[in-house]
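A.B. asks: Kindly generate the corresponding structure for this input.
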Amino acid sequence: MGEKSDQKREYILDRAKEVFARKGFLQVTMKDIVEACKISRGGLYLYFGSTEEIFCAILSKQWEEEDGDLASNLGETVGMADILMLFLKEQKKLILCKKEDMGRATYEYFFAHKPKDISENILRNQFKTAVHILTRILEEGTIRGEFYCENPKQEARNLMYSIEGMKICSRTMGLNESQVDRELLYLVSGFLIEE
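C.D. replies: The predicted model follows:
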C-alpha cells in the first residue's frame, strides 16, 4: 500500500474505533462504519471485508501503541519498583476509563468469537505478554533486593487476573480511584520490601 492508502486505512480504523466504543461490538455494522467515515461502501471494502476484521485491526494497533508507551517510559525509571508502579499506573488508567472506550466491545467480541486455535486469541496473547513482563520485573526486582517474591510467575498471573477482574467490575459495578488504589496496593504489598 502507498502512503495515501495507509493514511486512509488509519482514518477508517480511527473512525471505526469511535463507533465500536460507542456501540460495543455486536451492534456495529459495516453501514455504521461507512457513515462514520463518510466513504462509500465499496471504498470501505477495499480495505476491510468485515466488522470483525476492522475490530481485530483496531485491537492490534491499540495494543502495539500501549506496549510502545510502556517501553518508552521504562528508560526514564531506575528501580524495578518504579517500573512496576509505572505498569500499574497504566493498568489503573484502563480500569478507570470513564469515557467511551473499547472495553465493552472487546468483551462482547471475545464472548461471541472464540477462536478455534487458542493461539489466535488476541486478548489471551496480550494477557500472556503482560504476565511475561511482570514476571521479568518481579524476578529482576527480587535479584536487586527490591522485592521478596518466591514465585514471580505466579505473582504476575495473580496480579493480571486481579487487574482483569477490576476492569470488568469497573464497567459493570463501578469502581472509583481510591478503591482501585487500595486493591492495587494490597496486591503488591506482599512482595514490596520497605526501606
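A.B. asks: what's L134 in contact with, if anything?
C.D. replies: For L134, the contacting residues are L84, F87, P152, E155, A156, L159, M160, by CB atoms under 8 Å, 6 or more residues apart in numbering. (C-beta placed from N, C-alpha, C; glycine too.)
A.B. asks: can you tell me how far it sits from Q27?
C.D. replies: 34 Å (CB to CB, to the nearest Å).
A.B. asks: Now do the contacts for E183.
C.D. replies: S162, M166.
A.B. asks: how about it, phi and psi?
C.D. replies: Phi and psi for E183, reported as degrees, to the nearest 10, are phi -70, psi -40.
A.B. asks: For this protein, give me the ranges with low pLDDT.
C.D. replies: Scanning the chain for pLDDT under 70 picks out 1, 65-77, 98-100, 115, 118-120, 194-195.
A.B. asks: Check it and tell me which residue is nearest its centre.
C.D. replies: Most central in the chain under CA atoms, centre = their mean is W63, positioned 5.7 Å from the mean C-alpha point.
A.B. asks: quick one: M166 is in a helix?
C.D. replies: Yes: assignment of M166 by DSSP: H, G, I helix; E, B strand; the rest coil places it within a helix.
A.B. asks: In this structure it contacts E177, no?
C.D. replies: No: the criterion here is CB atoms under 8 Å, and M166 misses it with E177 at 11.7 Å.
A.B. asks: Who has more neighbours out of the two?
C.D. replies: Using other CB atoms under 10 Å, the more surrounded residue of M166 and E177 is M166, with 21 against 10.
A.B. asks: Good, wrapping up.
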